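Asker: Provide a 3D model corresponding to the input given below.
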Amino acid sequence: MSETLLIASLLKSPQATGCDVSKFNIKWSLDKLISSGLAEAIDFIIIRCGYAGSLGSNVVDPLFFEFFEQALTVRASINPDIQIGTYWYPTVHVEWEKQRDFLLGKILEVCGGELDFTAFDIEKAYNIINGQFAVATGRFMKYIRQDYPWRKHLVYTNKYIYQELKTLTNQFDEYPYWHAQYPYNDWLHFTTTFMAYMDRLFELRNTAPALPSSKGPNDWEIWQIGANTGVGDNLGFERTHLDICISRRTHGEFIKWVHEDNLDSQLPPPPPPDFQIPEAVYNELISIGHSAESISETLRSL
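Answerer: Got it, this is the predicted structure:
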């Protein structure tokens, strides 16, 4: 089977299938996408809008608006059912209120109703996963959800980080789960042949994801099954590596789920500023049984 047919088989599965992209994908040629014959096989695309930088400032992904406009072109002229999402990478390096204002003012308010869903990318790179981060990020996410209650908002992370967050707070349980689990970061290092890697993706897709211990078998919505796969150029991207994601739902079910009413909780307390408490003291309070939420509220009342 040719590479194109193999990729088509992967994308045209009963489950909704898509990809997530950022500046690392370099460029997207819609002409190449159209000529590939695979444009209608992409059910959704999730574009990184930006991140809270390690130098203390918020950063827009330099290709977000370009990729977003191209995704709108795909929706208007090629694949009217494609769902368009975006994700933000929160970190400890920028105050939570500034991240919220930046995400709302620079991204969500600009893109209007054209974005179908939003995700929050929780990772350890350039970050510190602790109780302070968990509570403050949870409140930041609630603010975004409160401002856009009609839109789905997801949490993206892997099994181990989610289980670590779970020991600190239950706030992340309120969000649909986008699960990261894939064979290896780079297919060129995983195997000597592209075909063998694709076989591994087919095998993985037909199994159940290894979810966090607190989640049931259906407690996920999107699964990133292939990171840095070699299919990017087949879909018009300049960089061969591309992250492939699947939904647990069919294409029609996925669209319906994305646009269901999103019941929201009450507006949470304002996101806290940086905590003025030594890390050693904070860890000691956690070790003797205080929750991250109770520490946060005590500090807020001072």
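Asker: could you pull out the strands for this structure?
Answerer: Remark: strands assigned in the chain by DSSP state E are 15-21, 44-52, 58-60, 83-89, 117-121, 152-158, 177-180, 222-229, 242-250.
Asker: According to the record, where do the domains of this protein fall?
Answerer: The chain breaks down into these domains under automatic domain parsing: 3-271, 275-302.
Asker: Adding mean neighbour count and mean pLDDT, write these out as JSON lines.
Answerer: Bear in mind the C-beta positions are built from the backbone N, C-alpha and C, glycine included. Shown next, in JSON lines, are these (neighbours: other Cβ atoms under 10 Å; pLDDT from 0 to 100):
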{"stretch": "domain 3-271", "mean neighbour count": "18", "mean pLDDT": "85"}
{"stretch": "domain 275-302", "mean neighbour count": "13", "mean pLDDT": "65"}
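Asker: how much distance is there from stretch 230-244 to the middle of the chain?
Answerer: 18 Å (Cα atoms, centre = their mean, to the nearest Å).
Asker: what about the helices in the stretch 101-250 of the chain?
Answerer: In the stretch 101-250 of the chain, the helices defined using DSSP state H, counting those that start in this stretch lie at 109-111, 131-147, 159-166, 187-190, 194-205.
Asker: now for the ones you listed, which one comes closest to Tyr177?
Answerer: helix 159-166 (7.4 Å; Cβ to Cβ).
Asker: any residues touching the closest one, and which ones?
Answerer: 122-124, 129, 134, 155, 157, 172-173, 177, 179, 181, 210-215 (Cβ atoms under 8 Å, 6 or more residues apart in numbering).
Asker: what's the angle from that helix to helix 131-147?
Answerer: 90 degrees (axes from the mean of the first three to the mean of the last three Cα atoms, to 10 degrees).
Asker: can you give me how far stretch 71-91 is from the chain middle?
Answerer: For stretch 71-91, the distance to the chain centre is 13 Å (Cα atoms, centre = their mean).
Asker: go on, stretch 202-216?
Answerer: That offset, for stretch 202-216, works out to 17 Å (Cα atoms, centre = their mean).
Asker: So for it, first residue to last residue, what's the gap.
Answerer: With Cα to Cα, to the nearest Å as the measure, stretch 202-216 spans 23 Å from end to end.
Asker: Same question for stretch 67-85.
Answerer: When the termini of stretch 67-85 are compared using Cα to Cα, they are 11 Å apart.
Asker: what does that stretch rub up against?
Answerer: Here stretch 67-85 makes contact (Cβ under 8 Å, 6+ apart) with 16, 18, 21, 25, 28, 30, 33-34, 39-40, 42-47, 86, 111, 114-119, 154, 251, 254-255, 258.
Asker: Which one, of the strands of the chain, ends up nearest to Trp96?
Answerer: It's strand 44-52; of these, that one is closest to Trp96 (Cβ to Cβ) at 8.9 Å.
Asker: by contact count, what packs against that closest one?
Answerer: If you count contacts as 3 or more Cβ pairs under 8 Å, 6 or more residues apart in numbering; DSSP states H and E, strand 44-52 packs onto strand 15-21, strand 58-60, helix 64-77, strand 83-89, strand 117-121, strand 242-250.
Asker: Please look at His93 and Tyr126 and confirm they touch.
Answerer: Yes: with contact defined as Cβ atoms under 8 Å, His93 counts as touching Tyr126 (7.3 Å).
Asker: and for those two, which residues touch both?
Answerer: Shared contacts of His93 and Tyr126 (Cβ under 8 Å, 6+ apart): Ser54.
Asker: residue contacts, Thr137?
Answerer: Applying Cβ under 8 Å, 6+ apart, the residues contacting Thr137 are Pro90, Trp96, Phe120, Ile122.
Asker: I'd like to know how far Asp147 sits from Gln132.
Answerer: 23 Å (Cβ to Cβ, to the nearest Å).
Asker: In TSV: the helices and strands packed on strand 44-52, plus distance to Met141.
Answerer: Converted to TSV, the helices and strands packed on strand 44-52 look like this (distance: least, Cβ to Cβ, whole Å):
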stretch	distance to Met141
strand 15-21	18
strand 58-60	15
helix 64-77	19
strand 83-89	9
strand 117-121	5
strand 242-250	20
